[in-house]
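# Got a sequence here, can you build the structure:
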Amino acid sequence: MQRCPCWRCRGITIDISLWKFETGRYYVTIIDAPGHRDFIKNMITGTSQADCAVLIVAAGVGEFEAGISKNGQTREHALLAYTLGVKQLIVGVNKMDSTEPPYSQRRYEEIVKEVSTYIKKIGYNPDAVPFVPISGWNGDNMLEASPNMTWFKGWKIVRKEGSASGTTLLEALDSIQSPSRPTDKDPRGIQTGIGTVPVGRVETGVLKPGMVVTFAPVNVTTEVKSVEMHHEALAEALPGDNVGFNIKNVSVKDIRRGNVAGDSKNDPPQEAALFTAQVIILNHPGQISAGYAPVLDCHTAHIACKFSELKEKIDRRSGKKLEDNPKALKSGDAAIVDMIPGKPMCVESFSQYPPLGRFAVRDMRQTVAVGVIKAVEKKSSSTGKVTKSAQKAQKNK
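Okay, here's the model as predicted:
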């Protein structure tokens, strides 16, 4: 729910705010991802860190139609969520108080039908997605069943882990399956914001005070002094935790958003010289050929990358090769391509570190393609900056 009335009039959320609350089952951190075209970069940053996406669809007259149109935000957000690996989805049909007539069952059912058709095309199973008619403004069906929508008999979902049902958005959040956390891998944490305390999400492995970590692509190595979440000190942070960690002898100029931190001794992250990816072209008005250099959003990095070689065109469903070295790609095509980052960037293969191996391609203020990284050619590592505290910690081990 947005904080002040002015946002409701403009209908825009700009920053990615982290809020937390408790339900009967979970501690929930809300990454309030923005819902407006100019802020898609921020939306991708938020979505790349989520376990479940709550897609808020506006039911107001004309608003839903704008969002679900070919280049609309509802479509783009659902697609990005799926591409960025957020496989659990909840749909909140909001502003039910502003339908004609208010709280219209017919309008709600029309929206459910349209959104179900679209999310199925992307890859979600609509039977496993709770749809909840709500009014965030009036609190309808948020925490308890609304007297204004007695026609709504609740949501029911069926999935291989078992079925669930409920009436409210809160109950839908409680029905989320807790994701498996890859603690057995070497740590990777994504850098999303900087103070003297880097902030990010632990993607794999475990982050603990006393560890020596390397930031890529900047190649800075330092010691983790403390780790905290929601202003509380942690003995260790696990995958999925959004944390701040205190580091020594590193200035704000040394590291930035999009950097990746990992254990300096075990497969430390490195800058990518080139990577091979499987891409699907979704929405490009012309043709894409070698040399095309759009912006890639991968985890929280936002960097121009060049399509250096179109290696093969493939069948988008089976992955079978259709053509070697195609001259160009158009909407609907899938291909294996080599890409070269225009600036230092850290990515990993999807099979090793999924959150660092998927991306969206943005151009002309829209998502023109999505992809997953198959292989990465790392830059040979030159000696970077190693802080005094890191040298000391390494000696003591």
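# Once you drop chain neighbours, what's closest to A235?
Using CB to CB, 6 or more residues apart in numbering and skipping the chain neighbours, the partner closest in space to A235 is K208 (6.9 Å). All C-beta atoms are positioned from the backbone trio N, CA, C, and that covers glycine.
# Could you count how many residues lie near the one you found?
By the criterion of other CB atoms under 10 Å, K208 has 15 neighbours.
# Ramachandran coordinates for it?
phi -130, psi 150 (degrees, to the nearest 10).
# now do D241
D241 has phi and psi values of phi -80, psi 130 when expressed as degrees, to the nearest 10.
# Enumerate the beta-bridge partners assigned to the closest residue to it other than its chain neighbours.
Counting by CB to CB, 6+ apart, the nearest residue to D241 once its immediate chain neighbours are dropped is V202, at 5.0 Å. Residues in a beta bridge with V202, per DSSP bridges, are G189.
# What is the burial count for V202?
Residue neighbour count, defined by other CB under 10 Å, stands at 26 for V202.
# pretty sure it contacts G240?
Yes - taking CB atoms under 8 Å as the contact criterion, V202 and G240 are neighbours in contact, 6.9 Å apart.
# What residues of stretch 126-140 count as buried?
126, 128-137, 140 (16 or more other CB atoms under 10 Å).
# Could you list the low-confidence segments of the chain?
Per-residue confidence for the chain (pLDDT under 70) gives these ranges: 1-20, 31-50, 70-72, 83-84, 179-196, 316-318, 381-397.
# that older thread, pretty sure the residue nearest to A235 sits against E236.
Yes - between K208 and E236 a contact is recorded at 4.5 Å, counting by CB under 8 Å.
# overlap in contacts of these two?
With contacts defined as CB atoms under 8 Å, 6 or more residues apart in numbering, the residues adjacent to both K208 and E236 are V227.
# hmm, back to that, just the ones of the buried residues of stretch 126-140 in strands?
Counting by DSSP state E, the buried residues of stretch 126-140 place 131-133 in strands.
# closest to S98 among the residues you listed?
Proximity of these to S98, judged by CB to CB, is greatest for P133, which lies at 12.2 Å.
# Next up, the contacts around the residue nearest to A235.
The neighbourhood of K208, defined by CB under 8 Å, 6+ apart, consists of 224, 227, 235-237.
# Give me the buried entries from the residues you listed.
The neighbour count (16+ other CB under 10 Å) marks 224, 227, 237 as buried among the contacts of K208.
# TSV please, covering those residues and showing secondary structure and distance to P326.
Written out in TSV, the entries for these read as follows (DSSP: H, G, I helix; E, B strand; the rest coil; distance: CB to CB, whole Å):
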residue	secondary structure	distance to P326
V224	strand	46
V227	strand	47
A237	strand	44
